[in-house]
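Enquirer: below: sequence and its predicted model.
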2 protein chains.
Amino acid sequence: MGLLGVTWTTHLRKRLSLTIRFLHHTSKGQILMSPSLASVDLPDVWSPISSCQSVPAIHKSFNEQTTVVLDGKLIAMEIRSKVAAEVRQMKNCLGKVPGLAVIFVGQRRDSQTYVRNKVMACEEVGIKSLVTALPADCAATDVQNAIMRFNKDPSIHGVLVQLPLPQHLDEEKVLDSVCLEKDVDGFHPLNMGNLALNGREPLFSPCTPKGCIELLIRSGVEIMGKKAVVIGRSNIVGLPTSLLLQRHHATVTVIHAFTENPEKITSEADIVVSAAGVPNLVRGNWIKPGATVIDVGTTPVEDPGCEDGYRLVGDVCYEEAIKVASVITPVPGGVGPMTVAMLLCNTLDSAKRMLNFT
Amino acid sequence: MGLLGVTWTTHLRKRLSLTIRFLHHTSKGQILMSPSLASVDLPDVWSPISSCQSVPAIHKSFNEQTTVVLDGKLIAMEIRSKVAAEVRQMKNCLGKVPGLAVIFVGQRRDSQTYVRNKVMACEEVGIKSLVTALPADCAATDVQNAIMRFNKDPSIHGVLVQLPLPQHLDEEKVLDSVCLEKDVDGFHPLNMGNLALNGREPLFSPCTPKGCIELLIRSGVEIMGKKAVVIGRSNIVGLPTSLLLQRHHATVTVIHAFTENPEKITSEADIVVSAAGVPNLVRGNWIKPGATVIDVGTTPVEDPGCEDGYRLVGDVCYEEAIKVASVITPVPGGVGPMTVAMLLCNTLDSAKRMLNFT
């Protein structure tokens, strides 16, 4: 075993203790199975090592027949029903419901769909939603005024600005002006800093990354100690996903457009989260046999045969990847519904915090 | 070439344009060669890829004779002399100098050395420094009061709390109370969030990570597109170093105590920054021939033969690594002096910003 054996034993002991904490945590009947970040924080105890030997990896053989296709719709529905129950309870006790405000600038078709989905999801669970739609050429002050109004409105517990914004608007300034306590998208830099920093707890984690972690945990995919590759480093998905995975003790590599040999790096990962927004970027030979593949890509591609005139396409070449992965999410119906469910969770959490309702 | 060839050409074009921007930037006579983060931000332009082939890597043969040992002392001295010149200029123009306040709790020997080094470095360049030393068993309010006093003091432009704090003090609360505009250590979560977020600029980047990047840039080590491994994920070194490397477009993997086969992952990296605080963790066979090795480890090891009764030991087995790496930093005399130099830069920058002195 050598000294690495010591590290290994310590490692396993920690895993066990963490598992116990997870079970303890989830036994309280909380909506999400993902624990608070601070509760999964562990000290990095490094054993002194005087020789370096590889610990032999145990490769389980992968059986193609067992590939699990994660049903994001179903999991999201379960979560939504729990949110609905808590909203009802809040209404019964306080006579109040959570409120979400959405500010939508312009007329992007995909954004319109996203906003519509969010509003419908709110309705379904009893969360009040208000949408302020502004024309694509509106002034920055129009956006600011809408945000300020909702920041002050005590019936609103979540304020989100649908991204992307038209180019003439300063996204940074807009996001900074969302009140921290209502930043249900988790895009405020202070929330992001607290997400990055070990030992800190952001008021909100961004919805899509949170949905990815929730999918992994609910599917029994172990994150700790696993090699994870996040493809894409956007502020709203790639970056926070990598930070979340790292806080869950994965060994994370972030791949971006300047990465050399992304296919080689990806093919060594146990968990692949692709959020590049490039259809079919991730081919079958990018995937390690038995890996878990979470496809966040949702690129709208024109398709006159579809109701909205377009359909959403993932980053992953699904037909190839399903032959190699052990767990995979489809597009649509994978991460997308989870994003909306997480938004409802964040809005509910915010209302509970602001109304001091437990 | 295939479609990957297209990506490649775009990549090279961007590198060229970035190099031009770097040159333009550094021609203004700024103290640091590392450009502002926003100026190195680039859009992630992904080319659609329909087939995936490896681009053949060109392996340069490594000649042991050419290993460059980075002289952190010398580089830091150059930087300090430029800081001193700007401080003199500020004094001549405004009759004011930058001021740094250090709050030091307890009596850790290594912390005492660090504080003494910072104070001496301030003196040397003409920055005013004030140290508030508090007993190890002081109350949290004592620390808060000291911070608040310096936050309000207009002659102070940087406030830092020497870490680690005694266990009874809440590090998070302490760091949060340092005024954002005086957070020269860059540990405030809002600064960290802005460091993480593409397109944002923190008021201050943490000193050690900033020093590592500065060392790399000054040594002509290319970061963009390179595989970088950061060993350790502390809030004060590992995390911000990984964020900075990523913002400089490296493909970054963060290794921590739960990482399986860290030696294998590290041995594939072009740039290794080790900040685990474990002496001799990184052996020669962890290093890819020709890689750049930055050793941030500074573990105090008792040594009655030394003036202070201890000496600082790095994470890297230097004798082994120097035979393999093309560029390496020694401990002491590598990153350590850079950290202090970056603190002086941050304090000067803060004073210039607050006094509107350009």
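Expert: It's in.
Enquirer: ok, the closest residue to residue A:237 other than its chain neighbours - contacts?
Expert: Of all residues not flanking residue A:237 in the chain, residue A:275 sits nearest, at 4.0 Å (CB to CB, 6 or more residues apart in numbering or on different chains). C-beta here means a position set from N, CA and C on the backbone, and glycine is covered the same way. Listed by CB atoms under 8 Å, 6 or more residues apart in numbering or on different chains, the contact set of residue A:275 reads A:208, A:230-232, A:234, A:237-238, A:241, A:296-297, A:315.
Enquirer: what is the burial count for residue A:164?
Expert: Per other CB atoms under 10 Å in any protein chain shown, the neighbour tally for residue A:164 reads 14.
Enquirer: what's near enough to touch it?
Expert: A:108, A:111, A:171.
Enquirer: phi, psi for the residue nearest to residue A:237 please.
Expert: phi -140, psi 50 (degrees, to the nearest 10).
Enquirer: that older thread, out of the contacts of residue A:275, which end up buried?
Expert: For those, a burial check counting by 16 or more other CB atoms under 10 Å in any protein chain shown picks out A:208, A:230-232, A:234, A:237-238, A:241, A:296-297, A:315.
Enquirer: will you turn the residues you listed into a markdown table that also has secondary structure and pLDDT?
Expert: Output for the buried ones among the contacts of residue A:275, formatted as a markdown table (DSSP: H, G, I helix; E, B strand; the rest coil; pLDDT from 0 to 100):
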| residue | secondary structure | pLDDT |
| --- | --- | --- |
| A:208 | helix | 97 |
| A:230 | strand | 98 |
| A:231 | strand | 96 |
| A:232 | coil | 94 |
| A:234 | coil | 93 |
| A:237 | coil | 97 |
| A:238 | helix | 96 |
| A:241 | helix | 97 |
| A:296 | coil | 97 |
| A:297 | coil | 94 |
| A:315 | coil | 94 |
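Enquirer: for these, give me TSV that also has distance to residue B:218.
Expert: Shown next, in TSV, are the buried ones among the contacts of residue A:275 (distance: CB to CB, whole Å):
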residue	distance to residue B:218
A:208	39
A:230	30
A:231	32
A:232	31
A:234	31
A:237	34
A:238	30
A:241	33
A:296	38
A:297	39
A:315	38
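Enquirer: still on that earlier bit, give me the subset of the contacts of residue A:164 touching chain B.
Expert: By CB under 8 Å from any CB of the partner chain, the members of the contacts of residue A:164 lying near chain B are residue A:171.
Enquirer: distance to residue A:323 and secondary structure for the contacts of residue A:164 - can I get that in JSON lines?
Expert: Below are the contacts of residue A:164 laid out as JSON lines (distance: CB to CB, whole Å; DSSP: H, G, I helix; E, B strand; the rest coil):
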{"residue": "A:108", "distance to residue A:323": "35", "secondary structure": "coil"}
{"residue": "A:111", "distance to residue A:323": "34", "secondary structure": "helix"}
{"residue": "A:171", "distance to residue A:323": "39", "secondary structure": "helix"}
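Enquirer: go through the contacts of residue A:164 and name the one nearest residue A:162.
Expert: Closest approach to residue A:162 among the contacts of residue A:164 (CB to CB): residue A:111, at 5.1 Å.
Enquirer: quick one: the helices in chain A?
Expert: Secondary structure of chain A (DSSP state H): helices at A:2-26, A:37-40, A:72-94, A:109-125, A:140-152, A:171-176, A:189-196, A:207-218, A:238-247, A:262-266, A:318-321, A:335-354.
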